[in-house]
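Engineer: task: produce atomic coordinates for the following.
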Amino acid sequence: MSDNIDKIKQLVEDLSIRDQDLLDKVEHFDILQQVFLTSPRAMAIMKEDWKYVLVNKLFAELYGFDNPDEMVGKRHYELFCKIPERPIDKITEALEKDGKWQGVIESPHKSGNVFTSKLTIQKVKEKNVLLCTCEVQKTKKHG
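Structural biologist: Numbers count the residues shown, from 1 in each chain. As a prediction, this is how the structure comes out:
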């Protein structure tokens, strides 16, 4: 009987250690998510099909959205009816070749205006996602 009690104690201890490891991972994830969401840089994470997975507030605001959730789950080109430039083929080719693309393009704003932005898109190979950062260069009226 004592042997069974020792086994149960060991099992409880093992589970406690695993639970703590899981709690530590969850805490690290929460910290990383908060850093991403509150970053002073406009950032978004997209799947390789250009569908937004996570968008921080600054990124959403650059494109004219009040709430980042308005972009999540949609592809970039689905959000805008008129896109001034579609460099997607060039970007995709560079991502496949080098894992990274950086350049200045005309970006659409929800209002219909256009802004020139410097984008950096980095492929995160292990997770098949893209990290996109954006800096506004200048804005101009469209129409």
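Engineer: who is the residue nearest the centre of the chain paired with across the strands?
Structural biologist: By CA atoms, centre = their mean, the chain has its centre lying nearest to residue 45, at 1.6 Å. On the basis of DSSP bridges, residue 45 is bridged to residue 54, residue 131.
Engineer: list the buried residues for stretch 58-74?
Structural biologist: 58-60, 62-65, 68, 70-72 (16 or more other CB atoms under 10 Å). Where you see a C-beta, it was placed from the backbone N, CA and C, and this is true even at glycine.
Engineer: got those as JSON lines, with distance to residue 107, secondary structure and pLDDT columns?
Structural biologist: JSON lines is the format used below for the buried residues of stretch 58-74 (distance: CB to CB, whole Å; DSSP: H, G, I helix; E, B strand; the rest coil; pLDDT from 0 to 100):
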{"residue": "58", "distance to residue 107": "14", "secondary structure": "helix", "pLDDT": "93"}
{"residue": "59", "distance to residue 107": "11", "secondary structure": "helix", "pLDDT": "93"}
{"residue": "60", "distance to residue 107": "13", "secondary structure": "helix", "pLDDT": "94"}
{"residue": "62", "distance to residue 107": "8", "secondary structure": "helix", "pLDDT": "91"}
{"residue": "63", "distance to residue 107": "7", "secondary structure": "coil", "pLDDT": "91"}
{"residue": "64", "distance to residue 107": "10", "secondary structure": "coil", "pLDDT": "93"}
{"residue": "65", "distance to residue 107": "13", "secondary structure": "coil", "pLDDT": "95"}
{"residue": "68", "distance to residue 107": "16", "secondary structure": "helix", "pLDDT": "94"}
{"residue": "70", "distance to residue 107": "16", "secondary structure": "helix", "pLDDT": "95"}
{"residue": "71", "distance to residue 107": "13", "secondary structure": "coil", "pLDDT": "95"}
{"residue": "72", "distance to residue 107": "18", "secondary structure": "coil", "pLDDT": "95"}
